[in-house]
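Chemist: Based on what follows, work out the 3D shape:
(4 chains)
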Amino acid sequence: QQRNDAFEARIEAGDFIEAKDWMPEHYRKTLVRQISQHAHSEIVGMLPEGNWITRAPSLKRKAILLAKVQDEGGHGLYLYSAAETLGTSRDQMLDALHSGRAKYSSIFNYPTLTWADIGVIGWLVDGAAIMNQVPLCRCSYGPYARAMIRICREESFHQRQGYESLLTMMRDGTEAQKALVQDAVNRWWWPSLMMFGPADKDSPNSEQSMRWGIKRLTNDELRQKFVDATVPQAELLGISLPDADLKWNAERDHYDFGAIDWNEFWRVVGGNGPCNTERLQTRVKAWDDGAWVREAALSHARKRATEAKAA
Amino acid sequence: QQRNDAFEARIEAGDFIEAKDWMPEHYRKTLVRQISQHAHSEIVGMLPEGNWITRAPSLKRKAILLAKVQDEGGHGLYLYSAAETLGTSRDQMLDALHSGRAKYSSIFNYPTLTWADIGVIGWLVDGAAIMNQVPLCRCSYGPYARAMIRICREESFHQRQGYESLLTMMRDGTEAQKALVQDAVNRWWWPSLMMFGPADKDSPNSEQSMRWGIKRLTNDELRQKFVDATVPQAELLGISLPDADLKWNAERDHYDFGAIDWNEFWRVVGGNGPCNTERLQTRVKAWDDGAWVREAALSHARKRATEAKAA
Amino acid sequence: MTASIQPSTRDDVRYLLPLGDACLVLSHRLSEWCGHSPILEEDLALGNIALDLLGQARAVLTRAGQLDGQSFDEDQLAFLRDERHYLNPVMMELPRGDFAFTQARNLMAACWLLPLWTRLQASSDAEVAAIAAKAVKEVRYHQQHAAEWVVRLGDGSEESTRRMTTALAQLWPYVNELFATDETDAAAERSGLGPAWSTLKPEWDAAMDEVLAEARLARPADTPHVYAGRLGVHSEHMGHLLATMQSLPRAYPGGVW
Amino acid sequence: MTASIQPSTRDDVRYLLPLGDACLVLSHRLSEWCGHSPILEEDLALGNIALDLLGQARAVLTRAGQLDGQSFDEDQLAFLRDERHYLNPVMMELPRGDFAFTQARNLMAACWLLPLWTRLQASSDAEVAAIAAKAVKEVRYHQQHAAEWVVRLGDGSEESTRRMTTALAQLWPYVNELFATDETDAAAERSGLGPAWSTLKPEWDAAMDEVLAEARLARPADTPHVYAGRLGVHSEHMGHLLATMQSLPRAYPGGVW
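Modeler: Purely as a prediction, here's the structure:
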């Protein structure tokens, strides 16, 4: 109880908790769940974008996309490392993903259907992710906070690249290209809003996480910030957002927006989105198909170690 | 010896030998080898053309190609049946193919690189095949001769379709399409001439086969017939054949043509052509991947037979 | 000249394209088996089914093009339409999978096409009725052929039962879409062009249940999945399929084939 | 606007395109691993190599386009050239295969690119020399990375040894082409643009033999195969690769990306 009080006091004071520090078991568990879920999201998130690398329409865009997807893999790597500092191995976390126990961001259960989806993912999905993640740079757990600083920097860069690619198509492209962009925005807008999670009233875990400084703003607060930031960007692009109720509310000093289809949200989170099964199968297949490689690497290392000892 | 003399006399008289008739072991063996090789060629020949079904440039051409490749499968089926009348099972023949003991026509070890290859295969490769096969409709072994009649009829149809598709491109197509056709002809001309086999002087088995009426014309005779028939068709198409020595010889009443690169011929026949390994691997993979299906069908049949008996 | 075309949003066109596209796209997947089947007879049978479906697709697309009013022919509709204007149910575009998956899908598709073509024989559009009269015979054979394989594999070896069970489970989420109804359907019912897809469900259920019983397979539980190929929202497989299918006409502007 | 372009047959262009295409096509195959690697670190490493090769391809194609004299940029050369005008060695376009195949090919390609880039640092074309100076550092890392895997897998488990041995045997017939020499090479040697490919063989042999020895793998026997990607004669895989790669620019004439 004394340790717990000391811990709570450090959180209160805004101290960073480090790997070697004592922490309550529930804090540790909550963090592992959150960080590994975030790591899994980066890894699964490589798939919808990776789907377009071989079809990127210019070599410059191909290079940008390839680098972006690589960055996501890199984020996965830091995040797994951050979670490992809490005593759970990467293999354990992957096993939780592959067996369906662990989640990843539900947004990646939607398919990328056209090239414009790549730009829109950069703009809206990375945009929403940043909105969620920036506060985590001040999260109470040091290794996570430091990983998030680096990740947020790179994500901002991706978001700008995504937006820029849309701007190029909307400003200089053909009518067919503009239609592509509008269509992609129509498909990704609502799922992006869902990325902030259920409404606050339906988000029971939030309070404890807020108290521990693992979460800094509520789902609805973040969602509103995102809408407020994004609407002017949409206007600059010259596309419309698929929400008839979206309008500026001078009184609230915020944009009002329409009702989210929570049925869809829960359906997709619950495993019945368009790509849930395929995404997980793809990851499991990559892992299973690679088993012989991992075994061979171990076997090689053992052989050489034995030989070195014998020599 | 007496049976042998009677057999030779029947051959001499132009009689058909039937499955139930006595025949010399060497005759049987030669026929099984020739018919199964022909069957394998039909089956392997489905691959280079099948490669373009999903990319046919019009729905009509797609339907024609799909039907053609199906016909080839059908030819394979009759020919395996004809060979089975000689006491060798289809599985035995396939095993010989898959293990590399049996051959198939070497022409299918060249890749189909553009859509024009499909037309050119119809025109030149099927054309050469027909030249080889028409005499076999009078072959001494009845089941083979009858299969060949049906096959030759369908092959002629394929050849006309192939030629017609080239004519369409050459008469009504764009410059880019005409270049496709010329390029395909450049690549397939010499391999087509090689389809008649080595020069007579290097073809030791021919004589016995001629005597038995399994073969009716020599390799060089057939090759000359093919060249004579094809040159005017090329002129009508408006393409050039890639042979500077090709010219009419009024004295011989035939076209003269340049020297065949027998090194290439023997290299490809010997297993080192562009696609030998892949073709065989593809067939073996299809067979191996299908093992569970064949086993399941047998297992199902057994189950139901047992149940019928028990009932 | 290789720029994409946009078909009309007329109700009759929007009703026919999903059917034509379903036939075309399933034909494409079946034709991928060519030369790769477990037995030669199946190379022929799958090729034959692919050919029938292609014929049905050509007839329907031709008719849709006539009704569209922009003089699009079957080839323009097949080769110059973008993914978002392809309206087949998503099930048809899924990769060919193993032989169990292919036969399970063929069965599901045939059990859907058979009552659809049957009713279309009475279409108020005489062209459509004539196409249906021919198609119905073909699809009856397709259904029978697929049913035989589903039974054989479902009640075959341990491995084949496992594979067939997996195939059904993988396909089941895509079934809902075959019976989803929209405004286009309502218009087709009103005009007599054809039935609402939702009305085909009882026949599909009965036909499937019969085969599954014979195959001694459990019917998978229904799922709440919502796919909308009919609105042009596809899977990630569709773009790759079209990249292949359309590559030549796109690369040879003005080509005459 | 989406019609295909035909590059010039100038000797310098014909010398550079095979190199640029080799990098582009191998990069394409490596990028197919994205999200499918056996370990996350390899997703990153293969992606990184793909990115380096893409950069090399862009630089070389840009330079070839300048020399060509028809003002083709890197994108026109990449997206509007038909298969028969793509000049990469066939090895680069073979499907990605398993992880052993990928690493074996990466090693072969790097052992070829390293001496090639090394000599190109002294190219009479200053642009080419500058590209080479950057590339040589990248390819040195690629070679080392692939060598480590070939050793690890070659001298790993029974299965990995079998797979690596198979991969080497499958790739070996395509090696000849990396050292085949033609008139283009002769011209490049005369002008100082770059070395004849045939002159790279001793270094390739030495580098490969060293890795194979370390991996305790036998060097496959040489074969008499003749591939001629450098003359635009490819394998059947190339058309499918290009259908995918070029699909967007072909479908969106006048598109600005």
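
Chemist: what's the burial count for A:Ala176?
Modeler: Counted with other Cβ atoms under 10 Å in any protein chain shown, residues neighbouring A:Ala176 total 17. Backbone N, C-alpha and C define where each C-beta goes, glycine included.

Chemist: what about the closest residue in space to it that isn't next to it in sequence, how many neighbours?
Modeler: Closest residue to A:Ala176 apart from its sequence neighbours, by Cβ to Cβ, 6 or more residues apart in numbering or on different chains: D:Tyr252 at 5.8 Å. Neighbours of D:Tyr252 under the rule other Cβ under 10 Å: 25.

Chemist: same check, this time on A:Ala244
Modeler: Count around A:Ala244 with other Cβ under 10 Å applied: 9.

Chemist: That one belongs to a helix, doesn't it?
Modeler: No. Counting by DSSP: H, G, I helix; E, B strand; the rest coil, A:Ala244 is not part of a helix but coil.

Chemist: what does the stretch 51-200 of chain A put close to chain C?
Modeler: A:Asn51, A:Arg55, A:Pro111, A:Thr112, A:Leu113, A:Thr114, A:Ala176, A:Asp183, A:Arg187 (Cβ under 8 Å from any Cβ of the partner chain).

Chemist: what are the ranges of the helices in chain C?
Modeler: Using DSSP state H, the helices of chain C run over C:11-31, C:40-68, C:74-79, C:99-120, C:126-154, C:158-171, C:183-191, C:201-214, C:236-245, C:247-251.

Chemist: Can the third one be said to contact chain B?
Modeler: By that I understand helix C:74-79. Yes. Using Cβ under 8 Å from any Cβ, helix C:74-79 reaches chain B at C:Glu74, C:Asp75, C:Ala78, C:Phe79.

Chemist: Spatially nearest residue to the first one, not counting backbone neighbours?
Modeler: With Cβ to Cβ, 6+ apart as the criterion, C:Glu74 has its nearest non-adjacent residue at 4.3 Å, and that residue is C:Leu61.

Chemist: Around that neighbour, how many other residues sit close by?
Modeler: Residues lying near C:Leu61 (other Cβ under 10 Å) number 28.

Chemist: okay, it: pLDDT?
Modeler: Per-residue pLDDT puts C:Leu61 at 98.

Chemist: and if you look at the one 4 residues further on?
Modeler: Per-residue confidence at C:Gly65 stands at 98 (pLDDT).

Chemist: Would you agree it is in contact with C:Leu77?
Modeler: Yes. Judged on Cβ atoms under 8 Å, C:Gly65 makes contact with C:Leu77 at a distance of 5.7 Å.

Chemist: Next one: the closest residue to C:Arg250 other than its chain neighbours from A:Arg55, what distance?
Modeler: Sequence neighbours aside, D:Arg250 is the residue nearest to C:Arg250 in space, at 4.0 Å (criterion: Cβ to Cβ, 6+ apart). D:Arg250 sits 11 Å away from A:Arg55 when distances are taken as Cβ to Cβ, to the nearest Å.

Chemist: same thing with C:His28?
Modeler: Distance, C:His28 to A:Arg55, using Cβ to Cβ: 18 Å.

Chemist: shouldn't the residue nearest to A:Ala176 be in contact with A:Thr174?
Modeler: Yes. Look at D:Tyr252 against A:Thr174 with Cβ under 8 Å: they come within range, at 6.6 Å.

Chemist: Am I right that C:Glu127 is in contact with C:Ala64?
Modeler: No. Counting by Cβ under 8 Å, C:Glu127 does not reach C:Ala64; the two are 10.2 Å apart.

Chemist: Show me which of these two is the more surrounded one.
Modeler: C:Ala64 (27 against 15).

Chemist: how about the closest residue to chain C within chain A, what does it touch?
Modeler: Chain A approaches chain C most closely through A:Pro111 (4.6 Å), counting by Cβ to the nearest Cβ. The contact partners of A:Pro111, by Cβ atoms under 8 Å, 6 or more residues apart in numbering or on different chains, come to A:Pro48, A:Pro274, A:Cys275, C:His234, C:Ser235, C:Glu236.

Chemist: Those: which two are farthest apart?
Modeler: Using Cβ to Cβ, the two most remote members of the contacts of A:Pro111 are A:Pro48 and C:His234, lying 13.5 Å apart.

Chemist: As PDB, could you dump the C-alpha coordinates of the strand or helix carrying A:Glu307?
Modeler: Assigned by DSSP states H and E, A:Glu307 belongs to helix A:291-310. Extracted in PDB, the C-alpha atoms of helix A:291-310 (Å, rounded to 0.1, in the frame of the first residue of the first chain):
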ATOM      1  CA  ALA A 291       8.500 -20.800 -38.800                       C
ATOM      2  CA  TRP A 292      11.200 -22.800 -40.700                       C
ATOM      3  CA  VAL A 293      13.200 -19.600 -41.200                       C
ATOM      4  CA  ARG A 294      13.200 -18.800 -37.500                       C
ATOM      5  CA  GLU A 295      14.000 -22.400 -36.600                       C
ATOM      6  CA  ALA A 296      16.900 -22.500 -39.100                       C
ATOM      7  CA  ALA A 297      18.300 -19.200 -37.700                       C
ATOM      8  CA  LEU A 298      18.300 -20.700 -34.200                       C
ATOM      9  CA  SER A 299      19.700 -24.000 -35.300                       C
ATOM     10  CA  HIS A 300      22.500 -22.200 -37.200                       C
ATOM     11  CA  ALA A 301      23.300 -20.100 -34.100                       C
ATOM     12  CA  ARG A 302      23.500 -23.200 -31.900                       C
ATOM     13  CA  LYS A 303      25.700 -25.000 -34.400                       C
ATOM     14  CA  ARG A 304      28.200 -22.100 -34.700                       C
ATOM     15  CA  ALA A 305      28.200 -21.600 -30.900                       C
ATOM     16  CA  THR A 306      29.000 -25.300 -30.400                       C
ATOM     17  CA  GLU A 307      31.800 -25.100 -32.900                       C
ATOM     18  CA  ALA A 308      33.200 -22.000 -31.300                       C
ATOM     19  CA  LYS A 309      33.300 -23.800 -28.000                       C
ATOM     20  CA  ALA A 310      34.900 -26.900 -29.400                       C
END
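
Chemist: now check that helix, is it near chain D?
Modeler: Yes. Judged by Cβ under 8 Å from any Cβ, helix A:291-310 comes into contact with chain D through A:Ala291, A:Trp292, A:Val293, A:Arg294, A:Glu295, A:Ala296, A:Ala297, A:Ser299, A:His300, A:Lys303.

Chemist: what is the orientation angle of that helix with helix D:158-171?
Modeler: With axes from the mean of the first three to the mean of the last three Cα atoms, to 10 degrees defining the directions, helix A:291-310 sits at 110 degrees from helix D:158-171.

Chemist: residues contacting the residue in chain A that chain D sits nearest to?
Modeler: Using Cβ to the nearest Cβ, A:Gly290 is the residue of chain A that sits closest to chain D, at 2.3 Å. Residues in contact with A:Gly290 (Cβ under 8 Å, 6+ apart) are D:Ser37, D:Pro38, D:Ile39, D:Phe99.

Chemist: in terms of contact, does the first one touch D:Ala50 like I think?
Modeler: No. Counting by Cβ under 8 Å, no contact exists between D:Ser37 and D:Ala50, whose distance comes to 11.6 Å.

Chemist: hey, where'd the strands end up in the stretch 151-300 of chain A?
Modeler: A:247-249, A:254-256 (DSSP state E, counting those that start in this stretch).

Chemist: related to what we said a few turns ago, okay if I get the helices of chain C as a markdown table plus distance to B:Pro204?
Modeler: Output for the helices of chain C, formatted as a markdown table (distance: least, Cβ to Cβ, whole Å):
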| stretch | distance to B:Pro204 |
| --- | --- |
| helix C:11-31 | 42 |
| helix C:40-68 | 33 |
| helix C:74-79 | 52 |
| helix C:99-120 | 44 |
| helix C:126-154 | 47 |
| helix C:158-171 | 48 |
| helix C:183-191 | 70 |
| helix C:201-214 | 57 |
| helix C:236-245 | 46 |
| helix C:247-251 | 45 |
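
Chemist: Can you show me the CA trace of stretch A:171-190 as CSV?
Modeler: The C-alpha trace of stretch A:171-190 is given here as CSV (Å, rounded to 0.1, in the frame of the first residue of the first chain):
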residue,chain,number,x,y,z
ARG,A,171,-5.4,20.6,-58.0
ASP,A,172,-3.6,19.2,-61.0
GLY,A,173,-5.3,15.9,-61.7
THR,A,174,-8.0,14.8,-64.1
GLU,A,175,-11.7,14.7,-63.3
ALA,A,176,-11.4,10.9,-62.9
GLN,A,177,-8.7,11.4,-60.3
LYS,A,178,-10.8,13.9,-58.3
ALA,A,179,-13.6,11.5,-58.3
LEU,A,180,-11.2,8.9,-56.8
VAL,A,181,-10.3,11.2,-54.0
GLN,A,182,-13.9,12.1,-53.2
ASP,A,183,-14.9,8.5,-53.2
ALA,A,184,-12.1,7.5,-50.9
VAL,A,185,-13.0,10.3,-48.5
ASN,A,186,-16.6,9.1,-48.5
ARG,A,187,-15.5,5.6,-47.5
TRP,A,188,-12.9,6.5,-44.9
TRP,A,189,-14.5,9.5,-43.1
TRP,A,190,-16.8,7.7,-40.7
